[in-house]
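Peer 1: kindly generate the corresponding structure for this input.
(one chain, ligands or ions: 1)
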Amino acid sequence: MTEKRFKVFSFDIEELNDELTEKDAETKRYPDNNCPQCGWETTLLYAAEETEDAAHELIRQGKAGLCGDCFSSRLTELEVVVIIPLETPK
Ligand SMILES: [Zn+2]
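Peer 2: You can find the predicted model right below:
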């Protein structure tokens, strides 16, 4: 099995909308602050990648970004193993 290490990042959907609207007035990906999968209104979209910049870029491209419920369901479907560091980074 191929494995990939990643971190989960959350993005404020209103900030994403402001950013997307500034770049292209015709494009606003989340017009009613809705999750692109289930359509429920949400404040945060989640994406998993190696870095926050990479996760942000995927959301900008419309290739990632789900509400907490859809994101959790996806992690469950993928049987993701969560590794939590026991020591707090200094
Ligand atoms: Zn959703």
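
Peer 1: so A48, which state does it fall into?
Peer 2: Applying DSSP: H, G, I helix; E, B strand; the rest coil to A48 yields a three-state assignment of strand.

Peer 1: apart from its neighbours in sequence, what residue is nearest it?
Peer 2: Excluding the flanking residues, the one nearest A48 by CB to CB, 6 or more residues apart in numbering is F6, at 4.4 Å. For every residue, glycine as well, the C-beta is placed using N, CA and C.

Peer 1: my read: the one you found touches E50, true?
Peer 2: Yes. Distance between F6 and E50: 5.7 Å, which falls inside the contact criterion (CB atoms under 8 Å).

Peer 1: helices or strands up against the helix-or-strand element of the chain with minimal mean pLDDT?
Peer 2: Comparing helices and strands within the chain by mean pLDDT, DSSP states H and E singles out helix 13-23 as the least confident, with a mean of 81. Contact partners of helix 13-23 among helices and strands, from 3 or more CB pairs under 8 Å, 6 or more residues apart in numbering; DSSP states H and E: strand 44-49, helix 52-60.

Peer 1: wait, which of those is closest to the ion?
Peer 2: Go through these one by one with CB to the ion and the one that ends up closest to the ion is strand 44-49, at 8.8 Å.

Peer 1: hmm, that closest one in reach of the ion?
Peer 2: No. For a cut-off given as CB under 5 Å from the ion, strand 44-49 has no contacts with the ion; the smallest distance is 8.8 Å.

Peer 1: helix/strand/coil for the nearest residue to L44 once chain neighbours are set aside?
Peer 2: Spatial nearest neighbour of L44, excluding adjacent residues (CB to CB, 6+ apart): S10 at 4.5 Å. S10 falls in the strand class when you classify it by three-state DSSP.

Peer 1: for S10, give me its contacts.
Peer 2: With contacts defined as CB atoms under 8 Å, 6 or more residues apart in numbering, the neighbours of S10 are 44-46.

Peer 1: lovely, talk soon.
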